[in-house]
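Engineer: Show me the folded form of this:
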Amino acid sequence: AVDVRGLGSGVLALAVGGQHTCVVVEGGTVRCWGDNSLAQLGNNTTMAALEPVDVPGAGTNAVTVVSGLGHSCSLHAGGQVMCWGENNLFQLGGAYAGKAPRPVPVLGLPANLTVLASGANHTCAATADGEAWCWGDNTYGALGNGLANPTPEPGAVRVRGLSGPVRALTAGLSHTCARVGMGDLECWGFNREGQLGDDTALDSVTPVRPVGLSSTMRQVRAGNSFTCALDAEGRVRCWGLNGDGQLGDGTRIHRAAPVEVTALGDDVVDLSAGATSTCAVMRDGQVRCWGANALGQLGDGTQSDRVEPAVVQGLGAP
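Structural biologist: The predicted structure is shown next:
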């Protein structure tokens with residue numbers, strides 16, 4: 001690991017996109033670095049940055065930031081959302097297509113947003129009272145508004161058919177999941193690999209429930225074409241694409257319904273999903289990861305995919 005220059009110790013939020021990274025630092029300023037060919041750094045250029053640069057139009061009251069393949073969005077203290085970068089599929093929620101090198105406001109959103117999540121080419125947000133809105137690519141119904149529209153439209157649309165107020169959101173390539181009510185999960189969008197968890201391979205333009213889960217799920221995390229969730233007992237279940245072992249069930253079999261990552265037991269306290277891999281923080285501070293590992297992304301000292309959790313090496317004492 002290397003320290004990122006120019007950030008200090010005041011990072012409040014972190015988002016990793018396709019080939020760029022953004023953070024919110026103390027004071028609410030957004031800073032980004034990496035590839036900028038799609039203007040995803042938001043600094044009014046398309047020049048790559050090897051060190052963090054300010055996103056000047058994002059202001060100084062950001063509370064979190066999310067990143068997709070070629071765009072990023074920030075949520076602000078007043079509940080507003082600003083986005084920048086690639087916009088060929090209206091990922092920015094504005095009135096025109098084409099990349100925006102500076103932040104632009106998302107059209108049609110209410111003002112009291114508190115939750116934000118980004119997929120590859122779509123983004124979703126939820127209000128303080130649990131209403132969800134999405135914008136961007138809706139080819140397979142990832143916006144959850146009852147339509148699958150291959151012709152993108154500008155502005156945000158409200159998610160239809162949720163059974164309760166949204167408390168958390170996550171998004172993959174073309175699907176979205178929410179934790180609603182007291183901990184139920186509901187998902188919508190692309191489902192050819194079973195990433196919605198409803199034991200079918202049918203896309204859904206409105207929310208459906210993964211089968212066999214308890215009603216007290218604490219977290220939900222989406223990878224590219226799979227989803228994992230952490231329940232109140234500390235157990236992890238995953239579903240969807242499994243060609244790289246990203247479901248952690250000891251196989252490479254795709255799963256249309258949740259399967260437990262049994263090797264973790266009930267000691268998980270936090271969960272994270274990447275494109276084709278997953279990591280869990282254990283109660284004793286240990287980190288275990290599984291899935292694709294050709295570039296060493298699991299941190300276990302090898303470049304071998306893992307179909308079951310492997311311990312991340314070199315982190316030191318928790």
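Engineer: Okay, and the beta partners of the closest residue to residue 73 other than its chain neighbours?
Structural biologist: Excluding the flanking residues, the one nearest residue 73 by Cβ to Cβ, 6 or more residues apart in numbering is residue 83, at 4.0 Å. Any C-beta I mention is one placed from the backbone N, CA and C, and that applies to glycine too. Residues in a beta bridge with residue 83, per DSSP bridges, are residue 73, residue 104.
Engineer: Check which helix or strand the closest residue in space to residue 304 that isn't next to it in sequence maps to.
Structural biologist: Nearest residue to residue 304, sequence neighbours excluded (Cβ to Cβ, 6+ apart): residue 293, at 5.8 Å. For residue 293, there is no host helix or strand (DSSP states H and E).
Engineer: where does the stretch 1-150 of the chain have low pLDDT?
Structural biologist: Residue ranges of the stretch 1-150 of the chain with pLDDT under 70: 1-2, 8-9.
Engineer: mind redoing it with 80?
Structural biologist: Low-confidence segments of the stretch 1-150 of the chain (pLDDT under 80): 1-3, 5-9.
Engineer: Can you give me the neighbour number for residue 303?
Structural biologist: The local packing of residue 303 (other Cβ atoms under 10 Å) involves 12 other residues.
Engineer: how many neighbours does the residue nearest to residue 304 have?
Structural biologist: So residue 293, with other Cβ under 10 Å, has 21 neighbours.
Engineer: check contacts around it.
Structural biologist: Each residue near residue 293 by Cβ atoms under 8 Å, 6 or more residues apart in numbering is listed here: 277, 300, 302-306.
Engineer: Would you mind checking these for buried ones?
Structural biologist: 277, 300, 305-306 (16 or more other Cβ atoms under 10 Å).
Engineer: how about the strands in the stretch 101-250 of the chain?
Structural biologist: In the stretch 101-250 of the chain, the strands defined using DSSP state E, counting those that start in this stretch lie at 113-118, 122-127, 132-136, 157-158, 166-171, 175-180, 184-189, 204-208, 217-222, 226-231, 236-240.
Engineer: can you put those in CSV and add mean neighbour count and distance to residue 310?
Structural biologist: CSV is the format used below for the strands of the stretch 101-250 of the chain (neighbours: other Cβ atoms under 10 Å; distance: least, Cβ to Cβ, whole Å):
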stretch, mean neighbour count, distance to residue 310
strand 113-118, 21, 27
strand 122-127, 27, 32
strand 132-136, 28, 34
strand 157-158, 18, 41
strand 166-171, 22, 23
strand 175-180, 28, 25
strand 184-189, 28, 26
strand 204-208, 20, 32
strand 217-222, 22, 18
strand 226-231, 26, 16
strand 236-240, 28, 15
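Engineer: picking up where we left off before, quick one: which of the contacts of residue 293 is nearest to residue 215?
Structural biologist: residue 277 (28.0 Å; Cβ to Cβ).
Engineer: picking that back up, as CSV, the buried ones among the contacts of residue 293 with distance to residue 187 and secondary structure would be great.
Structural biologist: CSV is the format used below for the buried ones among the contacts of residue 293 (distance: Cβ to Cβ, whole Å; DSSP: H, G, I helix; E, B strand; the rest coil):
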residue, distance to residue 187, secondary structure
277, 20, strand
300, 30, coil
305, 25, coil
306, 25, strand
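Engineer: Excluding chain neighbours, give the residue nearest to residue 25 in space.
Structural biologist: Among residues not flanking residue 25 along the chain, residue 10 sits closest, at 5.0 Å (Cβ to Cβ, 6+ apart).
Engineer: Does the one you found touch residue 29 like I think?
Structural biologist: No. In terms of Cβ atoms under 8 Å, residue 10 does not count as a neighbour of residue 29; the distance is 9.5 Å.
Engineer: and the two? which has more neighbours close in?
Structural biologist: Per other Cβ under 10 Å, whichever of residue 10 and residue 29 has more neighbours is residue 29, with 20 against 11.
Engineer: partner residues bridging the more buried one?
Structural biologist: Going by DSSP bridges, residue 29 forms beta bridges with residue 25.
Engineer: Just to check, it is in contact with residue 60?
Structural biologist: Yes. Using Cβ under 8 Å, residue 29 is in contact with residue 60, at 5.5 Å.
Engineer: I figured residue 79 was touching residue 113, is that so?
Structural biologist: Yes. Between residue 79 and residue 113 there is a contact under Cβ under 8 Å: 4.5 Å.
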